[in-house]
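Student: Quick one, structure for this:
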Amino acid sequence: MPVRRPLLAAALGAAALLCAAVAPACADPSELITVDPVGRIAPDGTVTLSGTYRCTGGTGPVFVSSSVSQGDARLRHGVGGGTARCDGAEHRWENSGKVTAGALKEGTARVEATLTELRPSGILLLPAFHAATDRTVTLTQE
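Tutor: Numbers count the residues shown, from 1 in each chain. You can find the predicted model right below:
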């Protein structure tokens, strides 16, 4: 399944941008996702990002996705993804993923993190956004 994770992260990220335009209809204001100010990049290109999240009322599977860009903001690299628990408590998240060799280096980068639920709607699963954030971080060498 590793091949599908970048595709899922890209799809969820694109949907998050759409959600940002209609944010009041997408998320409960008590739900949030944060990104830690420092991310790590390993010599082999593996990037690790982390933060916290809080959500409630998930009826379908909920995922924490993240992406990073450096330089050209239009070029985003999906960085892993994981499942979330929407029980109203604050939880830590950490995503890791390998990016193309040389695509990222130490220094300032933009990270987008999204908390997205896939809700059943007939025979389809449609995205429902719990929270999204976009912030500047510092990538440091491991």
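
Student: mind listing the strands for this structure?
Tutor: With strands called from DSSP state E, the chain shows them at 32-33, 38-41, 46-54, 62-69, 77-83, 91-98, 107-121, 124-141.

Student: most packed of those?
Tutor: strand 62-69 (a mean of 25; mean count of other Cβ atoms under 10 Å). (Each C-beta comes from the backbone N, C-alpha and C, glycine too.)

Student: Just checking: what are the partner strands of it?
Tutor: For strand 62-69, the pairing partners within the sheet under DSSP bridges are strand 77-83 (antiparallel), strand 107-121 (antiparallel).

Student: would JSON lines of these with mean pLDDT and distance to Gly45 be doable?
Tutor: Output for those, formatted as JSON lines (pLDDT from 0 to 100; distance: least, Cβ to Cβ, whole Å):
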{"stretch": "strand 77-83", "mean pLDDT": "93", "distance to Gly45": "10"}
{"stretch": "strand 107-121", "mean pLDDT": "94", "distance to Gly45": "14"}
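
Student: Format those as TSV; extra columns: distance to Thr140.
Tutor: Compiled in TSV, the strands paired with strand 62-69 are given as follows (distance: least, Cβ to Cβ, whole Å):
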stretch	distance to Thr140
strand 77-83	15
strand 107-121	9
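
Student: Identify the bridge partners of Phe119.
Tutor: Let me fix one detail, which is that residue 119 is Arg and not Phe. In this entry, Arg119 is beta-bridged to Leu126, by DSSP bridges.

Student: all numbers from here: first residue = 543
Tutor: Sure, I'll start counting at 543 from here, so that last one is Arg661.

Student: Contacts only, for it.
Tutor: Remark: with contacts taken as Cβ atoms under 8 Å, 6 or more residues apart in numbering, Arg661 is in contact with Thr601, Gly602, Leu667, Leu668, Pro669, Ala670.

Student: who's sitting farthest from the centroid in this structure?
Tutor: Among residues of the chain, the one most distant from the C-alpha centroid is Gly664; the distance is 26.3 Å, by Cα atoms, centre = their mean.

Student: how close does that one sit to Gly599?
Tutor: To Gly599, Gly664 is 20 Å away according to Cβ to Cβ, to the nearest Å.
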